[in-house]
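Q: I would like to see how this sequence folds:
(chains A, B, C and D)
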Protein chains: 2
Amino acid sequence: MPERQSSRKDAIRNREAVLAAADALFRRRASPEDITMADVAAAAGVGKGTLFRAFGDRAGLLRALYEARLEPIREAIEAGPPPLGPGTPPQDRVRALLDAVLCFKLDNGLLALALEDSGSDSSPYRADHYERWHRLLRAVLEQIPGLTDSDFTAHALLAATRADLVEHLAGERGIPRERMREQLAGFVAKVLAPGPRPGGIVEE
Amino acid sequence: MPERQSSRKDAIRNREAVLAAADALFRRRASPEDITMADVAAAAGVGKGTLFRAFGDRAGLLRALYEARLEPIREAIEAGPPPLGPGTPPQDRVRALLDAVLCFKLDNGLLALALEDSGSDSSPYRADHYERWHRLLRAVLEQIPGLTDSDFTAHALLAATRADLVEHLAGERGIPRERMREQLAGFVAKVLAPGPRPGGIVEE
DNA sequence: CAAGATATGGACCGTGGGTCCGTTTTGCAA
DNA sequence: TTGCAAAACGGACCCACGGTCCATATCTTG
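A: Have a look, this model is predicted:
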């Protein structure tokens, strides 16, 4: 419940300061969990109480940051031009959506990582930002004729862009951005391709 | 480094006791993180020091449990009969492997969950049990002609069986076991199907 | 400008992983 | 058996971190 916006200007100023400080920290540091709430508060020149009043808890802060950074993409999806916007052939749109998710995680690795393992009950699948991606993706998948199990497929495709996987491939393994985009695109293509009947075993 | 086996019988007895107690706890409780190390120690009738001496840290304990439970499957894979064992046509073996992973996580939800988000550096991808699965899967994928990017594909397929996803689908969403196995099988089939790329579609 | 409402910040708390070290157990050898 | 060093025990203790509390400072409004 402590998410209500305030109208007092000091509150607003502090909220901004915290957001900015957190943003900066998450861009520079190496691992999400060595950014503590106290760090953020200090960097923002604010007391811990203020921070928690403004965002409720760690997850709340992360969520706020995430929403802010996601805004442009969200707009592009809801009302932008193809291939992200509506009015794109479903197959292309699925590809574009997953590519967008991938790029987002490549650009915001730390934050996405932090968000994924600090979900409400420690399950990323309860967070409603995940719900949203999943719902959207499923809806688009459903428009592809001959594709069954779009609910599961949506989950499975999103799983291929999990923040920790992306981070691992990009960081530890040093796979370059474009290469990864290609690989994901290839994978998505395979899944969407009108193949042999799903469920059946390819015999011979 | 504190993983060296001891030969003293009290040490061995206690190790067993801890393993048994932890196993029991992980089977009964609802969420991995409300099983504390102190809980395990108490349940085993042992001091915390003993527990940490024997397993190093939380991850170590989890790993030990995991290995123990995984043993049968591992054997089946290394030297068992088809479809898990070697000597199976690659496509079938991939399907069987992923099905085995899925079943394992369905049967050991809590433990797998705990293991995944308590990986060494909080990334499950550094844990060597993941490495092993990935290496094996990739090797099998590489035997499938016409399939490229087997490294990435292996990651992506494994991602579809992530413990938290499985747990979410089975728990929250109530999807029955057999249904999930079918869906995963269908997904895998699509990925493995000879795609529309060079070679054309095999139309029977 | 007074006064009620709201925000502030840092001391404080609970929890849980992990360590320390005085005590106990074990295995070996005389 | 008994002596004794090496190894294990266990629980008190430590510390980091998320989160709370509340006396005080700052706004806003009439």
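
Q: isn't A:Glu142 up against A:Thr148?
A: No: counting by C-beta atoms under 8 Å, A:Thr148 is not a contact partner of A:Glu142; they are 9.8 Å apart. Heads up, the C-betas are built off the backbone N, CA and C, glycines and all.

Q: so which bits of the helix or strand A:Leu25 falls within are buried?
A: For A:Leu25, the element it lies in under DSSP states H and E is helix A:9-28. By neighbour count with 16 or more other C-beta atoms under 10 Å in any protein chain shown, helix A:9-28 contains the buried residues A:Asn14, A:Arg15, A:Ala17, A:Val18, A:Leu19, A:Ala21, A:Ala22, A:Asp23, A:Leu25, A:Phe26.

Q: can you name the residues that contact the first one?
A: For A:Asn14, the set of contacting residues under the criterion of C-beta atoms under 8 Å, 6 or more residues apart in numbering or on different chains consists of A:Ala44, A:Val46, A:Thr50, A:Ala54.

Q: apart from its neighbours in sequence, what residue is nearest the last one?
A: Going back to what we said before, that points to A:Ala54. Excluding the flanking residues, the one nearest A:Ala54 by C-beta to C-beta, 6 or more residues apart in numbering or on different chains is A:Arg15, at 5.0 Å.

Q: if we can go back for a sec, then the helix holding A:Leu25 to PDB, C-alphas only?
A: C-alpha atoms of helix A:9-28 as PDB (Å, rounded to 0.1, in the frame of the first residue of the first chain):
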ATOM      1  CA  LYS A   9       7.300  19.000  -3.300                       C
ATOM      2  CA  ASP A  10      10.000  17.700  -1.000                       C
ATOM      3  CA  ALA A  11       8.600  14.300  -1.400                       C
ATOM      4  CA  ILE A  12       8.500  14.600  -5.100                       C
ATOM      5  CA  ARG A  13      12.100  15.900  -5.300                       C
ATOM      6  CA  ASN A  14      13.300  13.000  -3.100                       C
ATOM      7  CA  ARG A  15      11.500  10.500  -5.100                       C
ATOM      8  CA  GLU A  16      13.300  11.700  -8.300                       C
ATOM      9  CA  ALA A  17      16.600  11.800  -6.500                       C
ATOM     10  CA  VAL A  18      16.200   8.200  -5.400                       C
ATOM     11  CA  LEU A  19      15.200   7.100  -8.800                       C
ATOM     12  CA  ALA A  20      18.100   8.800 -10.400                       C
ATOM     13  CA  ALA A  21      20.600   7.500  -7.800                       C
ATOM     14  CA  ALA A  22      19.400   4.000  -8.100                       C
ATOM     15  CA  ASP A  23      19.500   4.200 -11.900                       C
ATOM     16  CA  ALA A  24      23.100   5.300 -11.800                       C
ATOM     17  CA  LEU A  25      24.000   2.600  -9.300                       C
ATOM     18  CA  PHE A  26      22.400  -0.100 -11.300                       C
ATOM     19  CA  ARG A  27      24.200   1.000 -14.400                       C
ATOM     20  CA  ARG A  28      27.600   1.000 -12.900                       C
END
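
Q: chain center to that helix, what's the gap?
A: On the basis of C-alpha atoms, centre = their mean, to the nearest Å, helix A:9-28 sits 20 Å off its chain's mean C-alpha point.

Q: likewise stretch A:166-179?
A: On C-alpha atoms, centre = their mean, the centre of stretch A:166-179 falls 17 Å from the chain's centre.

Q: buried stuff in that stretch?
A: Of all the residues in stretch A:166-179, those buried under the rule 16+ other C-beta under 10 Å are A:Val166, A:Glu167, A:His168, A:Leu169, A:Ala170, A:Ile175.

Q: the bottom helix or strand of chain A by mean pLDDT?
A: helix A:109-116 (a mean of 87; mean pLDDT, DSSP states H and E).

Q: how near is A:Lys9 to B:Pro145?
A: Separation of A:Lys9 from B:Pro145 (C-beta to C-beta, to the nearest Å): 67 Å.

Q: any stretches of chain A with poor pLDDT?
A: A:1-4, A:119-122, A:195-204 (pLDDT under 70).

Q: give me the contacts around stretch A:53-71.
A: Residues outside stretch A:53-71 that contact it (C-beta under 8 Å, 6+ apart): A:1-3, A:11, A:14-15, A:18-19, A:22-23, A:26, A:37, A:40, A:51, A:104, A:108, A:111-112, A:114-115, A:118-120, A:127, A:129.

Q: coming back round to it: okay if I get the contacts of A:Asn14 as CSV plus secondary structure and distance to B:Leu97?
A: Putting the contacts of A:Asn14 into CSV (DSSP: H, G, I helix; E, B strand; the rest coil; distance: C-beta to C-beta, whole Å) gives the following:
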residue, secondary structure, distance to B:Leu97
A:Ala44, helix, 48
A:Val46, coil, 51
A:Thr50, helix, 51
A:Ala54, helix, 48
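
Q: who wins on neighbours among these?
A: With neighbours taken as other C-beta atoms under 10 Å in any protein chain shown, the top of those is A:Ala54, carrying 24 neighbours.

Q: how far away is that one from A:Leu110?
A: According to C-beta to C-beta, A:Ala54 stands 21 Å off from A:Leu110.

Q: can you check A:Thr36 too?
A: Per C-beta to C-beta, A:Thr36 is found 14 Å from A:Leu110.

Q: correct me, but A:Asp151 touches A:Ala139?
A: No: A:Asp151 sits out of contact with A:Ala139 when judged by C-beta under 8 Å, with a separation of 10.5 Å.

Q: so between these two, which is more surrounded?
A: Taking other C-beta under 10 Å, A:Asp151 and A:Ala139 do not tie; A:Asp151 has more neighbours (18 against 12).

Q: identify the residue spatially nearest to the more buried one, adjacent ones excluded.
A: Once flanking residues are discounted, A:Asp151 sits nearest to A:Arg138: 5.5 Å by C-beta to C-beta, 6+ apart.
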